[in-house]
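J.: sequence plus the predicted model coming up.
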Amino acid sequence: MPDPNVMKKIGAQMNLLMGAMMSFCLSLVGNLLGGHFTIMGFLLSFVISFIISLIIGFCIPHRKWSENAVRAFRAKPGTVQARLVEALISDCIYTPIITLAMVAFAYFTSRANAAPEALEHMPSFMQMFLGSFAVCMVVGYILIFVFMPIFMKLVFNKNGIPFPPPQGGPGGPPQGGPGGPQPRQ
């Protein structure tokens, strides 16, 4: 059974990789959707988004929620069906919060810098949010589905644990279960 400290380290590394990837891509999409792409705007969006994604990753037990959802759908861990469910759970946790923060940042920044006559023609916050939210949910889902297993394999191998982990998930097979070590008597 892998050391719990190693598993925590793997979780932290996954949070960093997924947070960086999601923040980069969603900030890029958001800035491109806004119609006025600037390097500074993109970098600010990325930094804010990355900080938010780290907070989410370290504070919300999304892995536990994903595992519960996979069990509820009676999907076998590691299958495409399980990955589809896991990606949906992660997308529903990360993307709305990141999108809300990025749209709020863009909305209030553009309003603060717009000429008074331009304010009349600006879309409302809700129009900006709903349009970005729909696109970012789709993009986020695809990104999570594609990159999560790649990053997991990378992080598990880096920490000396084979991927996919032995039967029973990251902790290995249950004690006394088939293929697992038998308890001492």
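T.: Ah, there it is. Given the structure is predicted, the values throughout are model-derived calculations rather than measurements.
J.: can you name the next helix or strand after the worst-scoring helix or strand of the chain on mean pLDDT?
T.: Ranked by mean pLDDT, DSSP states H and E, the weakest helix or strand in the chain is helix 116-119, scoring a mean of 77. Using DSSP states H and E, the helix or strand that follows helix 116-119 in sequence is helix 125-158.
J.: tell me which residues of that following helix come out buried.
T.: 128-129, 132-133, 135-137, 139-141, 143-145, 147-149, 151-152, 155-156 (16 or more other Cβ atoms under 10 Å). All C-beta atoms are positioned from the backbone trio N, CA, C, and that covers glycine.
J.: which residues of this protein score low on pLDDT?
T.: Judged by pLDDT under 70, the chain has its weakly predicted residues at 1-2, 34-35, 164-185.
J.: one more time with 50
T.: 167-185 (pLDDT under 50).
J.: please enumerate the helices of this structure.
T.: 4-33, 39-59, 62-72, 80-113, 116-119, 125-158 (DSSP state H).
J.: how far off centre is the fifth one?
T.: Spelled out, that is helix 116-119. In terms of Cα atoms, centre = their mean, to the nearest Å, the centre of helix 116-119 is set 36 Å apart from its chain centre.
J.: likewise for the third one?
T.: Using Cα atoms, centre = their mean, we find the averaged C-alpha position of helix 62-72 to lie 14 Å away from the chain's own average C-alpha position.
J.: also the fourth one?
T.: Here helix 80-113 is found 9 Å from its chain centre; the criterion is Cα atoms, centre = their mean.
J.: tell me the buried residues in that helix?
T.: Of the residues in helix 80-113, 82-83, 85-95, 97-103, 105-107, 110 count as buried by neighbour count, 16+ other Cβ under 10 Å.
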